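Q: Here is my input; please provide its structure:
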Amino acid sequence: MKAVLLAAGLGTRLRPITLTTPKCLIPFEGIPLLEIWLRQLESAGIEEALINLHHLPDQVQQFVDQRKGIIEIHTAYEPNLLGSLGSLLYNSKFYQNEDSIFVGYADNLVSAVQGKLMTDHSGHEFPVTMAVFETSQPEQCGIVEIDERNVVRGFVEKPEKPTINLANAGLYVIDTSILTEFETSGEELLDIGFDLLPKLINQMVAIKYDGYIQDVGNLERYKGAQEYFRERHDEFF
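A: Purely as a prediction, here's the structure:
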C-alpha cells in the first residue's frame, strides 16, 4: 500500500515559527514532524509515499533529498493550494495501480496507528476506514456518528452545536475506486471533510483510536504536544 501525506498547509496560527519553517518540519526533541511520520509509515510496511508541498517547499524538498530511509518519497508542488481532497485527485497517477491508499495529515502528531488502520481496513468490505477519537472540542472537529458495527451513519465537519464528541482523526485508508469515480476538473479547491466524507455515509467504518493525536495548529497545542512527546517518546516509534 502507498501513502499520501498532506503537508502543504501555511501554518498561519503557528507564526512566527512557520514564517521560516514549514509546519510539517517543526521539531519534537530535534526530530522534524515529517520524520516521525515517515518512520511510522516504514514500521507499518509502507514502501512509497507522496508528500504535497506549497509553503516553503524548498525546505521540505531538501529534507526529503537528504533523508536516508527505507521508504521511497515523491513530492508534488502545488502553486495554488488544492485542498486535501483536491491534492488526492490531482495526484491520481501516484496510486493508479493501487487498490487502496493510506492518507494522513502530516501536521498532526499521532502515536503509531497506521499499521492497525491498514489491517482493520482489510477486515471489512467498505471502501473507507477512518480513525476516530473522543474530543473535548467537538465544534472544532469533524464529528462522526457510528452504529454498533462501527459503520458511519452521520458526519458533520465542525458543527456549530455538536451533540456527540467522536471526532475524525484525519487518518484514513481509502479505496482508490472512490477517488477515481469523483467528478472534478482536477484543479478545484476540495476538502476531504467537506466534499468527500459526507457523500460516503453508510460506506465507511470508523475505528476508535485510543492513542495520542494532536493537531499542532497553534502555539499552545504545539507546546503541549512537545511536552507529551518528550515524556512518552516510545509511543511514537
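
Q: which parts of stretch 57-66 are buried?
A: 57, 59-60, 63-64 (16 or more other Cβ atoms under 10 Å). (Glycine included, C-beta is placed from N, CA and C.)

Q: and the longest helix anywhere in the chain, what other elements does it pack with?
A: Across the chain, the helix with the greatest residue count (assigned by DSSP state H) is helix 219-231. Contacting helix 219-231 under the criterion 3 or more Cβ pairs under 8 Å, 6 or more residues apart in numbering; DSSP states H and E are the following elements: strand 27-28, strand 108-110, strand 213-215.

Q: How about the residue in the protein that sits furthest from its center?
A: The centre of the chain is farthest from one residue, residue 148, which by Cα atoms, centre = their mean lies 25.4 Å away.

Q: which residues of the protein fall in helices?
A: With DSSP H as the criterion, the chain has helices spanning 17-20, 33-43, 57-66, 84-90, 114-121, 176-180, 219-231.

Q: Could you point out which of the ones you listed sits nearest residue 142?
A: Residue 142 lies closest, by Cβ to Cβ, to one member of the helices of the chain: helix 84-90, at 11.3 Å.

Q: buried sites along the closest one?
A: Of the residues in helix 84-90, those buried under the neighbour-count criterion (16+ other Cβ under 10 Å) are 84-90.

Q: Then stretch 91-107?
A: Buried, per 16+ other Cβ under 10 Å, within stretch 91-107: 91, 94-95, 100-107.

Q: And stretch 71-84, by the same measure?
A: When burial is assessed from 16+ other Cβ under 10 Å, stretch 71-84 yields the following buried residues: 71, 73, 75-76, 78, 82-84.

Q: Tell me which other helices or strands the longest strand anywhere in the chain touches.
A: When the chain is parsed with DSSP state E, its longest strand is strand 166-175. Counting by 3+ Cβ pairs under 8 Å, 6+ apart, the packing neighbours recorded for strand 166-175 are strand 100-105, strand 108-110, helix 114-121, strand 128-134, strand 142-146, strand 213-215.

Q: could those go into JSON lines alongside mean pLDDT?
A: Rendered in JSON lines, the data for the helices and strands packed on strand 166-175 read as follows (pLDDT from 0 to 100):
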{"stretch": "strand 100-105", "mean pLDDT": "95"}
{"stretch": "strand 108-110", "mean pLDDT": "92"}
{"stretch": "helix 114-121", "mean pLDDT": "88"}
{"stretch": "strand 128-134", "mean pLDDT": "91"}
{"stretch": "strand 142-146", "mean pLDDT": "88"}
{"stretch": "strand 213-215", "mean pLDDT": "87"}
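
Q: would JSON lines of the ones you listed with distance to residue 5 be doable?
A: Written out in JSON lines, the entries for the helices and strands packed on strand 166-175 read as follows (distance: least, Cβ to Cβ, whole Å):
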{"stretch": "strand 100-105", "distance to residue 5": "6"}
{"stretch": "strand 108-110", "distance to residue 5": "10"}
{"stretch": "helix 114-121", "distance to residue 5": "11"}
{"stretch": "strand 128-134", "distance to residue 5": "15"}
{"stretch": "strand 142-146", "distance to residue 5": "19"}
{"stretch": "strand 213-215", "distance to residue 5": "15"}
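
Q: which one of these lies closest to residue 204?
A: For the helices and strands packed on strand 166-175, proximity to residue 204 was assessed by Cβ to Cβ; strand 128-134 is nearest, at 4.1 Å.

Q: For the closest one, C-alpha coordinates in PDB please.
A: Only the C-alpha atoms of strand 128-134 are listed here, as PDB (Å, rounded to 0.1, in the frame of the first residue of the first chain):
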ATOM      1  CA  VAL A 128     -13.100   3.800   3.600                       C
ATOM      2  CA  THR A 129     -11.700   3.200   7.100                       C
ATOM      3  CA  MET A 130     -11.200   6.200   9.300                       C
ATOM      4  CA  ALA A 131      -9.600   6.600  12.700                       C
ATOM      5  CA  VAL A 132     -11.700   8.500  15.300                       C
ATOM      6  CA  PHE A 133     -11.200   9.600  18.900                       C
ATOM      7  CA  GLU A 134     -13.000  11.300  21.700                       C
END
